[in-house]
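Enquirer: just coords:
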């Protein structure tokens with residue numbers, strides 16, 4: 001279908017699973033929302049998307065059998081007039097829940113919302129990028145809008161190839177549905193939304209945020225918990241420039257009452273041992289027949305919702321610090337950035353954090369069910385109040 005000279009790479013086992021996850025928890029998209037004051041010209045934005053996507057061909061991928069291939073067609077900019085994201089009930093947002101456009105095979109899209117604020121929303125099917133890849137592409141779009149040449153990410157590599165190059169130091173972590181979620185159980189109503197998407201702006205920052213949030217979640221659980229922390233594999237090859245899926249999990253086993261310092265030490269030890277490299281295709285689920293994969297994903301969701309037996313208690317992801325001044329363009333000034341995690345039935349909670357101007361923008365995707373919404377809101381209030389109290393003395397902390 002495409003000439004051999006175009007950017008192409010094999011679809012990794014992780015990414016194959018994401019096709020099935022999209023069937024079970026559609027639309028299975030990551031969103032990054034950049035809010036700002038002023039206006040953005042849609043024509044200039046489309047040109048910037050084209051320039052940035054030429055430098056980041058991973059933003060133009062379509063499926064060709066077992067491969068991702070550069071289609072040569074950049075993401076479409078879709079203008080949504082008079083639309084503002086409602087962070088009180090993001091899960092009901094018609095725009096965020098809409099299919100990717102303009103055709104079903106597209107894997108990225110850019111929204112320009114012109115409501116109370118002028119907001120850019122980058123939409124990405126997780127099968128082609130991880131969160132850091134999405135940031136790399138979005139940063140280059142904004143560079144192009146400023147008239148600055150994009151940095152680009154020309155390397156056609158994802159997790160499988162990198163792990164093969166770097167090597168895995170040990171064995172996979174045994175993953176079984178035995179861990180409770182801090183939001184508990186709740187029968188899912190077929191007539192209600194099955195996943196919630198909620199947000200908190202936390203007016204503090206400081207070191208050890210992943211460890212601190214994990215400690216709060218374990219305390220709320222009251223039982224031994226396991227947390228999954230996505231680790232950016234690009235750390236193993238600083239010269240690598242790829243937007244592909246280059247994140248594998250570090251697992252943290254945490255008991256109620258464990259201090260964040262203890263959890264942070266566990267994280268450092270895991271990173272030093274490079275244990276995330278052991279987790280490629282953990283469990284071998286991608287090798288199962290399609291019907292079996294769908295069944296496993298649905299059963300995982302049922303076990304978590306009804307019996308509170310989950311593969312992990314939560315995923316806690318930190319997307320780093322953002323300098324909004326570097327993202328500004330003539331006529332539009334960013335005010336904040338928020339990462340909105342995708343829904344996935346195989347885990348109860350997926351937290352995404354970004355540090356912006358002394359604040360933590362925290363958003364969570366949560367499996368819904370009877371009684372879950374109230375428990376989630378209370379849990380988010382606890383996270384926010386605890387972090388604000390504990391970090392009040394930190395002025396310019398490191399992660």
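Expert: Nice, I can see it. Small disclaimer: the values here were computed from a predicted structure and weren't measured.
Enquirer: where exactly do the strands run in the chain?
Expert: Along the chain, the stretches classed as strands by DSSP state E are 8-10, 29-38, 61-64, 67-70, 77-81, 108-114, 118-125, 195-202, 225-232, 247-254, 314-322, 332-340, 349-356, 359-367.
Enquirer: among those strands, which is nearest residue 87?
Expert: strand 195-202 (4.5 Å; Cβ to Cβ). Quick note: C-beta positions are derived from backbone N, CA and C, even for glycine.
Enquirer: what pairs with the closest one, and is each one parallel or antiparallel?
Expert: strand 359-367 (antiparallel) (DSSP bridges).
Enquirer: and the strand it pairs with with strand 29-38, angle?
Expert: 150 degrees (axes from the mean of the first three to the mean of the last three Cα atoms, to 10 degrees).
Enquirer: now the strands of the chain as TSV including distance to residue 174?
Expert: Output for the strands of the chain, formatted as TSV (distance: least, Cβ to Cβ, whole Å):
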stretch	distance to residue 174
strand 8-10	27
strand 29-38	28
strand 61-64	32
strand 67-70	30
strand 77-81	44
strand 108-114	35
strand 118-125	29
strand 195-202	27
strand 225-232	11
strand 247-254	10
strand 314-322	18
strand 332-340	30
strand 349-356	21
strand 359-367	23
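Enquirer: Sketch out the low-pLDDT regions of the stretch 51-200 of the chain for me.
Expert: In the predicted model, the stretch 51-200 of the chain carries no residue with pLDDT under 70.
Enquirer: Kindly report the same for the stretch 251-399 of the chain.
Expert: Across the stretch 251-399 of the chain, the ranges flagged by pLDDT under 70 are 282, 393-399.
Enquirer: Tell me where it has helices.
Expert: Using DSSP state H, counting those that start in this stretch, the helices of the stretch 251-399 of the chain run over 260-273, 290-307, 372-390.
Enquirer: burial measure for residue 99, as a count.
Expert: Per other Cβ atoms under 10 Å, the neighbour tally for residue 99 reads 12.
Enquirer: Name the nearest residue to it, ignoring sequence neighbours.
Expert: Distances taken as Cβ to Cβ, 6 or more residues apart in numbering put residue 27 closest to residue 99, at 6.2 Å, once the chain neighbours are dropped.
Enquirer: Look up how far residue 104 lies from that neighbour.
Expert: 11 Å (Cβ to Cβ, to the nearest Å).
Enquirer: swap in residue 384?
Expert: 39 Å.
Enquirer: and if you look at residue 150?
Expert: Distance of residue 150 to residue 104, given as Cβ to Cβ: 28 Å.
Enquirer: and those two? which has more neighbours close in?
Expert: residue 150 (20 against 7).
Enquirer: you'd agree that one is up against residue 144?
Expert: Yes. Between residue 150 and residue 144 there is a contact at 5.7 Å, judged by Cβ atoms under 8 Å.
Enquirer: Common neighbours of these two, please.
Expert: Shared contacts of residue 150 and residue 144, defined by Cβ atoms under 8 Å, 6 or more residues apart in numbering, comprise 51-52.
Enquirer: any idea how far residue 191 lies from residue 89?
Expert: Taken as Cβ to Cβ, the span from residue 191 to residue 89 is 16 Å.
Enquirer: ok, residue 63 touching residue 105?
Expert: Yes. Between residue 63 and residue 105 there is a contact under Cβ under 8 Å: 6.8 Å.
Enquirer: The two: which has the busier surroundings?
Expert: Neighbours per residue (other Cβ under 10 Å) separate residue 63 from residue 105, with residue 63 holding more: 17 against 11.
Enquirer: Where do the domain boundaries of the chain fall?
Expert: With domains defined by automatic domain parsing, the chain comprises 8-160, 171-318+341-390.
Enquirer: which one of the ones you listed lies closest to residue 334?
Expert: Going by Cβ to Cβ, the one of the domains of the chain nearest residue 334 is domain 8-160, 4.3 Å.
Enquirer: Compute the first-to-last residue distance for that closest one.
Expert: Length of domain 8-160, first residue to last, Cα to Cα, to the nearest Å: 14 Å.
Enquirer: Any idea how far that domain is from the middle of the chain?
Expert: In terms of Cα atoms, centre = their mean, to the nearest Å, the centre of domain 8-160 is found 12 Å from the chain centre.
Enquirer: Touching, residue 309 and residue 178? I think so.
Expert: Yes. Applying Cβ under 8 Å, one finds residue 309 in contact with residue 178, separated by 6.0 Å.
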